[in-house]
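J.: this one's structure only:
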């Protein structure tokens, strides 16, 4: 039989504050588990609003709980949740470094863990691809939420024969983006989460340029919007990026499209997999045989073929290698909150 695993701890990030909670909390409740939510210190109000909604919906007291704390308290709360034998399951979405720390801290209580951690997603464009469609797929995979998405394309590999044409088409698309506050409907690119996030994007751009990459568009902080402490950065396309530059090994988590050039399929598979991360990968091609070769060869948990928006509530979401363990979404996510019990019944008179 299947039984609920028991009280669970749900530790969530800031970039999708409602979705990150609900896709953990939904299956936890469906399985019959109670939950303690520890939201990001950057977005506590969404978590508290969801708890208020749960109360209005008739969820009994004590079933859904929320611990909203500042950054200085977060580690202490994490230790309590990891060390408590009452918490039987921990689900975390966030950085690989924090995920590894939670993994170690949970060892003494042998918790069941599911973790969706960092990524370094390759986006591969072959010379047989529909370039207009490939550009649109990349726009979806790269610039959604200002690039602050765990499955955002980070390293964009373009086959050398179409490199110039593809980069030109991409620049024209990016040129039409309008940066500004999200409350204004004409704007299509918002700010980074904070100043540190903006500075990381700028550091990656400067590192690439200092080593020979070219800025095709963007490449600067939007100072006129940042006067009062905001963190806007121009949507940016860099060409001539190489493996010696920061975006090859670091997740940018911002509106930076770093374009690498490649010659052969074998070469790009090796480059795409040359990372400790394995969350998502993308490939644009018109060949069905190449589709299946690439889908199997990429060392990731999720693959998009001619598609830049791959996440849905009914499909398994998660990665391999240092991008995590377990899956969220559909019945795969429900299984994470269940234990399997085998019952052997002898003769009953």
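T.: Received the coordinates, thanks. Note that the coordinates shown come from a computational prediction; the quantities given were computed from them, not determined experimentally.
J.: mind listing the helices for the stretch 1-150 of the chain?
T.: 19-31, 44-56, 71-83, 96-105, 131-143 (DSSP state H, counting those that start in this stretch).
J.: packing partners for the shortest one?
T.: Helix 96-105 makes packing contacts with helix 71-83, strand 89-93, strand 112-116 when contacts are defined by 3 or more Cβ pairs under 8 Å, 6 or more residues apart in numbering; DSSP states H and E. All C-beta spots, glycine's among them, are computed from the backbone N, C-alpha and C.
J.: distance from the chain centre to the second one, please.
T.: Chain-centre distance of strand 89-93: 15 Å, with Cα atoms, centre = their mean, to the nearest Å.
J.: where in the protein is pLDDT low?
T.: Across the chain, nothing is flagged by pLDDT under 70.
J.: quick one on the thing from earlier: can I get the helices of the stretch 1-150 of the chain in CSV with mean neighbour count and distance to residue 206?
T.: Output for those, formatted as CSV (neighbours: other Cβ atoms under 10 Å; distance: least, Cβ to Cβ, whole Å):
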stretch, mean neighbour count, distance to residue 206
helix 19-31, 21, 31
helix 44-56, 15, 33
helix 71-83, 15, 27
helix 96-105, 17, 23
helix 131-143, 21, 19
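J.: adding distance to residue 296, write these out as a markdown table.
T.: As requested, the helices of the stretch 1-150 of the chain are arranged in a markdown table below (distance: least, Cβ to Cβ, whole Å):
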| stretch | distance to residue 296 |
| --- | --- |
| helix 19-31 | 27 |
| helix 44-56 | 38 |
| helix 71-83 | 36 |
| helix 96-105 | 24 |
| helix 131-143 | 20 |
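J.: for the residue nearest the centre of the chain, give me its contacts.
T.: Geometric centre of the chain, nearest residue: residue 150, 1.4 Å, by Cα atoms, centre = their mean. For residue 150, the contacting residues are 15, 93, 116-119, 279-280, by Cβ atoms under 8 Å, 6 or more residues apart in numbering.
J.: can you list the buried residues in stretch 331-342?
T.: Buried positions in stretch 331-342, judged by neighbour count with 16 or more other Cβ atoms under 10 Å: 332-338.
J.: ok so, going back, ok, which of the helices of the stretch 1-150 of the chain comes nearest residue 349?
T.: helix 19-31 (35.6 Å; Cβ to Cβ).
J.: check which helices and strands the closest one sits against.
T.: Counting contacts by 3+ Cβ pairs under 8 Å, 6+ apart, helix 19-31 packs against strand 8-11, strand 35-38, helix 44-56, strand 89-93, helix 330-335.
J.: can you redo those as CSV with distance to residue 207?
T.: Shown next, in CSV, are those (distance: least, Cβ to Cβ, whole Å):
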stretch, distance to residue 207
strand 8-11, 31
strand 35-38, 34
helix 44-56, 33
strand 89-93, 27
helix 330-335, 37
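J.: so which of the ones you listed gets nearest residue 180?
T.: For residue 180, the closest of the helices and strands packed on helix 19-31 is helix 44-56, at 22.3 Å, according to Cβ to Cβ.
J.: check the offset of that closest one from the chain's centre.
T.: Its chain's C-alpha centre and that of helix 44-56 lie 23 Å apart, by Cα atoms, centre = their mean.
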